[in-house]
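*Asks:* Just the structure for this:
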Amino acid sequence: MGRKQSRPRGPKPQRRVRLTAPEYRDLRRISRLRTAPYAEVVRAKILLRAYEHPDWSNVAIARAVGCTDRTVRKWRSRSRAGPAVH
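*Replies:* Next comes the predicted model:
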C-alpha cells in the first residue's frame, strides 16, 4: 500500500529569509557546484528553500534538502545577521 504524502507539520517560521539579488545568484551557483564543500552546498540549499518558500516549515525544508530541522533552524537564524555563505 502506498503511503499518503502530506505536507510536513511544524510551526511556521517567524521571520523570512531576505536575500539581495547578488546573494540569491551566489547561493544558486553554490547549490549547483559539485566541487564545493558539502556543508556549504547544504547551507545554500537551505537558504534558497527558505527564501523561495517562506511558508514552508523547518521540517519541510529539512526533508527537501536532506538534513535535520535543527540544521535548518541554525542557518535560518544565522541568515538574519547577514549572508551565511560568502
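
*Asks:* packing partners for the helix or strand of the chain with the lowest mean pLDDT?
*Replies:* For the chain, scoring each helix and strand by mean pLDDT, DSSP states H and E identifies helix 69-79 as the least confident one, at a mean of 90. With contacts defined as 3 or more Cβ pairs under 8 Å, 6 or more residues apart in numbering; DSSP states H and E, the packing partners of helix 69-79 are helix 38-52, helix 58-65. Any C-beta I mention is one placed from the backbone N, CA and C, and that applies to glycine too.

*Asks:* Can I get those helices in JSON lines including mean neighbour count and distance to Arg15?
*Replies:* Shown next, in JSON lines, are the helices and strands packed on helix 69-79 (neighbours: other Cβ atoms under 10 Å; distance: least, Cβ to Cβ, whole Å):
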{"stretch": "helix 38-52", "mean neighbour count": "19", "distance to Arg15": "10"}
{"stretch": "helix 58-65", "mean neighbour count": "20", "distance to Arg15": "12"}
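
*Asks:* Show me where the protein dips below the pLDDT cut-off.
*Replies:* Across the chain, the stretches falling below the confidence threshold (pLDDT under 70) are 1-12, 80-86.

*Asks:* Find the nearest non-adjacent residue to Leu27, please.
*Replies:* Distance criterion Cβ to Cβ, 6 or more residues apart in numbering; nearest residue to Leu27, sequence neighbours excluded, is Ala44 at 4.5 Å.

*Asks:* that older thread, which of the helices and strands packed on helix 69-79 sits closest to Arg28?
*Replies:* Taking Cβ to Cβ as the criterion, Arg28 comes closest to helix 38-52 out of the helices and strands packed on helix 69-79, the separation being 6.6 Å.

*Asks:* now that closest one against helix 58-65, angle please.
*Replies:* Counting by axes from the mean of the first three to the mean of the last three Cα atoms, to 10 degrees, helix 38-52 points 130 degrees away from the direction of helix 58-65.
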